[in-house]
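Student: here is a sequence together with a model predicted from it:
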Amino acid sequence: MKTRLAGYRGDHACHMPLSNLDVSEAKRFQDDSIWSCFERLRMEDPVHYCQDSRYGPYWSITKYRDIVAIDANHETFSSERGVTIVDVPDKHWTQSFIKMGPPKHGEQRATVSPIVAPENLTKLEGLIRRRVRTILDGLPLNDTFNWVDMVSIELTTQMLATLFDFPFEDRRLLTYWSDVAVSVPKVGHAIDTWDKRSTILSECLEYFTRLWNERVNAEARMDLISMMAHSPATRHMEPSEFLGNLILLIVGGNDTTRNSITGGLLFMNQHPCELRKLRDNPKLVSSAVSEIIRYQTPIAHMRRNAAADIVVGGKQIRKGDKVVMWYISGNRDEEVIENADSFVIDRKNVRRHLSFGFGIHRCVGRHLAELQLKILWEEILNARLEIRVVGEPQRIASNFVHGYSALPVQIRA
């Protein structure tokens, strides 16, 4: 495989003036050419100011330790104006607990966190395993199919439907709403205006409001809608805040897992020695899952806004400035992660990655994501499935969700 350093030498963007380098360009994530740009910033300008971008001026934070310091400092680096580089127009803004500071953030987060607590994950493990086996048993042999659709999306959407106690026959709506929620309106695309995006998401709100109304006066149950309907911290939310929290939970439960499921299969095909290592020692599954999540980094960035003037890496960041933490770059920082551009399933400190964030906003569902991936790979190994990637992956054009729309594969009979 071509090394990242070779890409660095050959990429014209990496020889342009630093002041012109804009790593937020979605096309670079779609064509997988972003790596050399981040490598250059880590080496030459790890706290980098981009004056002119589609999303306005912003700071790029690309080194592991700087990202951790900012993510941990929620008082100086606020999420209240949004967590993506995109500035959503006020008319289309939705509040959610990831965009809040203490104490409200903690109260609302605590409302939903029991569903992914260890004791509940233990209860879910058998269900996940049965579903994984059913999905794998239903895959065609010797025919090319899209792994993203038939496995990655199907498994995660079934899980989301369970967490929400959402009508199972309509579960693909969850994937659709997730994709719409993370899209940035663009002329020529299916979602070309903010109004169109909001119209679709209002359908999501309408559907979930029906579920809320059914459960708010019923006995409390262990599903996300019932938990929010019965908690003092969330039962009096305005509709826009309810929608914001729905989007947060749907996207969080969907994109991280589904794109790591796809990335993991791709990486194992690209690095057959690592797959052989895993087959020879299935006890490495948990370690392999952590490495897959690091190497994929399914959420490429999180954004904050400076609440006060502060110096980071010798650079003066002013109050109000947009600050973007590129997790996808921090996960390739050689100063912290040895041989970071290599996929190594048994590396030391394999859980030392930034894919779930850091601090009070660290992904609440991270253990569920790891559990689904762990069970999937255990069942692939148990069934001795030989799953070959037979074409190029199709990546999505997004600087936020680092993921795939298609991965053509075959299973040899």
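Tutor: Everything's here; your move.
Student: going forward, measure contacts between C-alpha atoms and count neighbours the same way
Tutor: Fine.
Student: and the strands in this protein?
Tutor: Along the chain, counting by DSSP state E, strands occupy 47-50, 58-61, 77-78, 145-146, 301-306, 310-312, 315-317, 322-326, 387-389, 394-395, 404-406, 408-411.
Student: quick one, which of those is nearest to residue 184?
Tutor: With C-alpha to C-alpha, the closest approach to residue 184 among those belongs to strand 301-306: 14.9 Å.
Student: model confidence over that closest one, on average?
Tutor: Confidence over strand 301-306, taken as the mean pLDDT, stands at 98.
Student: how far does it sit from the chain's center?
Tutor: Offset of strand 301-306 from its chain centre (C-alpha atoms, centre = their mean, to the nearest Å): 15 Å.
Student: okay, the angle between that strand and strand 322-326?
Tutor: Orientation of strand 301-306 against strand 322-326 (axes from the mean of the first three to the mean of the last three C-alpha atoms, to 10 degrees) gives an angle of 150 degrees.
Student: tell me which of the strands of the chain lies nearest to residue 369.
Tutor: strand 404-406 (17.0 Å).
Student: show me what the closest one is packed against.
Tutor: Counting contacts by 3 or more C-alpha pairs under 8 Å, 6 or more residues apart in numbering; DSSP states H and E, strand 404-406 packs against strand 394-395.
Student: residues contacting the strand it packs on, please?
Tutor: 29-32, 402-407 (C-alpha atoms under 8 Å, 6 or more residues apart in numbering).
Student: ok, stretch 337-351 next?
Tutor: Residues contacting stretch 337-351 (C-alpha under 8 Å, 6+ apart): 4, 267, 271, 274, 278, 284, 287-292, 295, 331-334, 352.
Student: first-to-last residue distance for that stretch?
Tutor: Distance across stretch 337-351, first residue to last, is 11 Å (C-alpha to C-alpha, to the nearest Å).
Student: how far away from the center of its chain is it?
Tutor: Centroid separation for stretch 337-351 versus its chain: 20 Å, with C-alpha atoms, centre = their mean.
Student: ok, now stretch 351-369?
Tutor: Offset of stretch 351-369 from its chain centre (C-alpha atoms, centre = their mean): 10 Å.
Student: number of nearby residues for the residue nearest to residue 185 when sequence neighbours are not counted?
Tutor: Leaving out its chain neighbours, the residue that sits closest to residue 185 by C-alpha to C-alpha, 6 or more residues apart in numbering is residue 192, at 4.5 Å. For residue 192, the count of nearby residues is 14 (other C-alpha atoms under 10 Å).
Student: now do the one 5 residues further on
Tutor: If you count neighbours by other C-alpha under 10 Å, residue 197 ends up with 20.
Student: check residue 275 too.
Tutor: Using other C-alpha under 10 Å, residue 275 has 19 neighbouring residues.
Student: next: the one 10 residues further on.
Tutor: Taking other C-alpha under 10 Å as the criterion, the count of residues near residue 285 is 21.
Student: distance of it from residue 219?
Tutor: For residue 285, the distance to residue 219 - C-alpha to C-alpha - is 39 Å.
Student: ok, residue 339 next?
Tutor: Per C-alpha to C-alpha, residue 339 is found 52 Å from residue 219.
Student: same question for residue 198.
Tutor: Taken as C-alpha to C-alpha, the span from residue 198 to residue 219 is 32 Å.
Student: just give me the longest helix of the chain.
Tutor: For the chain, the helix with the greatest residue count under DSSP state H is helix 239-270.
Student: who does that one touch, helix- and strand-wise?
Tutor: Under the contact criterion of 3+ C-alpha pairs under 8 Å, 6+ apart, helix 239-270 touches helix 154-164, helix 172-181, helix 194-215, helix 272-280, helix 285-296, helix 366-382, strand 387-389.
Student: average pLDDT for that helix?
Tutor: For helix 239-270, the mean pLDDT works out to 95.
Student: please identify the buried residues of that helix?
Tutor: 240-269 (16 or more other C-alpha atoms under 10 Å).
Student: cool, and stretch 300-311?
Tutor: Residues 300-307 are the ones in stretch 300-311 that count as buried (16+ other C-alpha under 10 Å).
Student: with distance to residue 89 added, can I get those residues in a markdown table?
Tutor: Listed next are those as a markdown table, based on distance: C-alpha to C-alpha, whole Å:
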| residue | distance to residue 89 |
| --- | --- |
| 300 | 22 |
| 301 | 20 |
| 302 | 18 |
| 303 | 16 |
| 304 | 17 |
| 305 | 16 |
| 306 | 19 |
| 307 | 20 |
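Student: which one of the residues you listed sits closest to residue 386?
Tutor: Residue 386 lies nearest to residue 300 out of the buried residues of stretch 300-311, by C-alpha to C-alpha, at 29.9 Å.
Student: who touches that closest one in this structure?
Tutor: Residues near residue 300 by C-alpha under 8 Å, 6+ apart: 326-328, 355, 399-402.
Student: that older thread, so between residue 198 and residue 219, which is more surrounded?
Tutor: The neighbour count for residue 198 versus residue 219, taken as other C-alpha under 10 Å, is higher for residue 198 (17 against 8).
Student: how much space separates the more buried one from residue 181?
Tutor: 9 Å.
Student: how about residue 158?
Tutor: Separation of residue 158 from residue 181 (C-alpha to C-alpha) stands at 19 Å.
Student: try residue 325
Tutor: From residue 325 to residue 181 the distance is 20 Å (C-alpha to C-alpha).
Student: and what of residue 376?
Tutor: 27 Å.
Student: more neighbours, the two?
Tutor: Neighbours were counted for residue 376 and for residue 181 using other C-alpha under 10 Å; residue 376 has more, 24 against 18.
Student: for that one, what are its contacts?
Tutor: 129, 132.
Student: mind running it again at 7 Å?
Tutor: Neighbour list for residue 376: residue 132 [criterion: C-alpha atoms under 7 Å, 6 or more residues apart in numbering].
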